[in-house]
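A.B. asks: Okay, predicted coordinates and the sequence, questions at the end:
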Amino acid sequence: MPNNKIFPVLEMKNICKGFAKPSGEALPVLSDISLTLQKGEILGLLGRSGSGKSTFLRITAGLISASSGEVRYCGKLLNGPEEGISVVFQTFALFPWLTVYENVQLGLDSLHLGTSEVHERVMSAIDLIGLDGFQSAYPRELSGGMRQRVGLARALVIHPTLLLMDEPFSALDVLTAEILRSDLMDLWTGHQLPPMSVLLVTHNIEEAVLMCDRIIILSSNPGRITAEIPVRLPHPRSRMDTRFQDVVDEIYSILTSRTTELIHAQIQTHGERVEPLPGVSTNLIEGFVETLANSPYNGKAELSELANELTLEIDDLFPIAETLYILKFADLREGEIKLTENGLLFAKGGTEERKKLFKYHLLEYLPLASHIKHVLDEREDHRAPRIRFQSELEDYMTQGRAERTLNAVIAWARYAELFSYDDNSRTFSIIPVSAHKA
């Protein structure tokens with residue numbers, strides 16, 4: 001095994017990764033990632049969907065190769081899966097026809113150990129992770145939390161030097177995730193786990209602050225490091241600690257700044273008409289605005305407070321906040337969201353008042369919506385095929401992102417009764433005047 005007493009456990013230099021689009025053009029997923037992970041450290045990789053977190057982890061595990069740059073594990077250039085690197089996946093990834101014992105034992109198959117050592121290691125891992133007594137059970141007999149404990153035991157049974165965790169608690173309910181997270185940290189701080197380092201991929205801000213010694217924040221499309229935050233708090237950490245909340249607020253502030261910067265950079269580079277849009281329903285928009293307008297927020301709140309109150313993670317919260325910012329119903333600044341004057345009017349209005357105000361904002365602040373309306377108005381039959389607009393978007397973004405952006409505009413326009421869309425014929429059209437309410 002490489003000498004991990006001299007070298008960092010993990011060292012990445014200028015990692016870039018891209019995948020080929022159907023056109024043959026490269027789609028960048030990661031850009032110029034450089035970092036180190038030291039022995040005995042838990043490093044968090046935090047970012048929204050689209051930031052390339054899982055791609056990054058698969059490169060680190062040796063499951064896929066970077067397009068450029070190099071990865072070193074304990075000083076050795078990584079060229080594929082390496083002994084001493086273990087992975088806990090987001091889903092349980094268990095074989096349903098194998099018992100708990102047999103699933104854990106799979107982790108040792110490549111080490112060619114003797115029968116007695118295999119048995120000793122498997123039972124030790126099962127006992128360590130709180131599965132003793134369940135070694136003969138099948139996955140179907142276990143709860144979600146117990147299944148993830150099996151996945152964790154399988155990862156620990158090899159006595160890894162580097163443990164990679166890909167959103168390991170995200171498939172669990174809140175209470176089960178909290179228990180498993182707490183149990184794992186008790187083992188870590190009690191030095192009951194094999195000597196190792198941990199790379200935790202997550203989109204849960206509080207989880208990162210609870211567990212990690214350092215947190216790397218990734219931006220999206222492509223993923224690149226935008227901030228590195230040390231967490232100098234003793235374990236066990238408490239959410240009630242003001243120092244804990246200070247770190248959480250700092251991360252929200254950074255993510256807010258990056259969100260608005262990315263929106264303006266996209267507009268400056270390609271123009272407002274091809275701005276990627278989050279697919280947020282009008283039901284969510286209405287509910288969020290109402291919550292923010294009412295007591296105790298009265299139109300203004302820290303995003304971290306709203307996240308706790310509404311139990312929203314960043315992949316749920318930020319698309320809503322981003323939508324309100326794009327449509328000028330709210331301002332985003334330093335981790336805070338504040339409703340604009342029209343945002344407050346929207347919250348107080350009835351159904352028809354909201355629709356009229358939403359329609360105004362679509363035409364005034366969303367150039368893609370006004371562009372579609374203009375094209376429909378100019379055509380004699382007031383109709384236009386979807387491909388007409390999607391092709392324009394695909395000149396500047398991926399096919400999937402173009403589809404999501406167009407779908408968002410369609411949903412918002414339907415709510416505002418701005419124009420209609422028939423998914424069977426994939427055609428836009430103007431809503432006849434007779435169809436509008438008097």
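C.D. replies: Now that the structure is in, tell me what you want to look at.
A.B. asks: got a list of what residue 28 touches?
C.D. replies: The neighbourhood of residue 28, defined by CB atoms under 8 Å, 6 or more residues apart in numbering, consists of 16-18, 222. C-betas here are computed from N, CA, C, even on glycine.
A.B. asks: actually residue 27, not the one I wrote
C.D. replies: For residue 27, the contact set (CB under 8 Å, 6+ apart) comprises 18-21, 398.
A.B. asks: where does the closest residue to residue 38 other than its chain neighbours fall, phi/psi-wise?
C.D. replies: Once flanking residues are discounted, residue 38 sits nearest to residue 8: 5.5 Å by CB to CB, 6 or more residues apart in numbering. Summarising the backbone geometry of residue 8 under the convention degrees, to the nearest 10, its torsions are phi -60, psi 150.
A.B. asks: where in the stretch 1-150 of the chain is pLDDT low?
C.D. replies: When residues are selected by pLDDT under 70, those of the stretch 1-150 of the chain lie in 1-6, 21-26.
A.B. asks: rewinding a little: just checking, which of the contacts of residue 28 belong to strands?
C.D. replies: With strands defined by DSSP state E, the entries of these inside them are 16-18.
A.B. asks: and of those residues, the nearest to residue 109?
C.D. replies: Proximity to residue 109 was ranked across the ones in strands among the contacts of residue 28 by CB to CB; first place goes to residue 17, at 29.0 Å.
A.B. asks: closest to residue 169 among the ones in strands among the contacts of residue 28?
C.D. replies: Distance to residue 169, by CB to CB, is smallest for residue 17 among these, at 25.5 Å.
A.B. asks: ok so, going back, kindly reformat the ones in strands among the contacts of residue 28 as a markdown table containing distance to residue 42.
C.D. replies: Converted to a markdown table, those look like this (distance: CB to CB, whole Å):
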| residue | distance to residue 42 |
| --- | --- |
| 16 | 26 |
| 17 | 24 |
| 18 | 29 |
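A.B. asks: Of these, which is the most crowded?
C.D. replies: residue 17 (24 neighbours; other CB atoms under 10 Å).
A.B. asks: ok, and the closest non-adjacent residue to that one?
C.D. replies: Going by CB to CB, 6+ apart, residue 17 has residue 30 as its nearest residue, at 4.2 Å.
A.B. asks: name the element the one you found belongs to?
C.D. replies: Following DSSP states H and E, the helix or strand that holds residue 30 is strand 26-37.
A.B. asks: could you point out which element follows that strand?
C.D. replies: Next along from strand 26-37, by DSSP H and E: strand 42-46.
A.B. asks: now the angle from that next one to strand 26-37?
C.D. replies: Between strand 42-46 and strand 26-37, the angle formed by their directions is 160 degrees, by axes from the mean of the first three to the mean of the last three CA atoms, to 10 degrees.
A.B. asks: Direction included, what does strand 42-46 pair against?
C.D. replies: According to DSSP bridges, the neighbouring strands of strand 42-46, each with its direction, are strand 197-202 (parallel), strand 214-218 (parallel).
A.B. asks: Minimum distance to residue 182: which of those has it?
C.D. replies: When the strands paired with strand 42-46 are compared by CB to CB, strand 197-202 sits nearest residue 182, at 14.6 Å.
A.B. asks: Residue 259: which element?
C.D. replies: Per DSSP H and E: residue 259 is located in helix 242-270.
A.B. asks: So what touches the helix or strand following that helix?
C.D. replies: Sequence-wise, the next helix or strand beyond helix 242-270 is helix 282-293, with elements assigned using DSSP H and E. Contacts with helix 282-293, where a contact means CB under 8 Å, 6+ apart, come from 297, 299-301, 306, 309-310, 320, 323-324, 329-330, 337, 339, 343-344, 346-348, 354, 358, 411-412, 415.
A.B. asks: Good, wrapping up.
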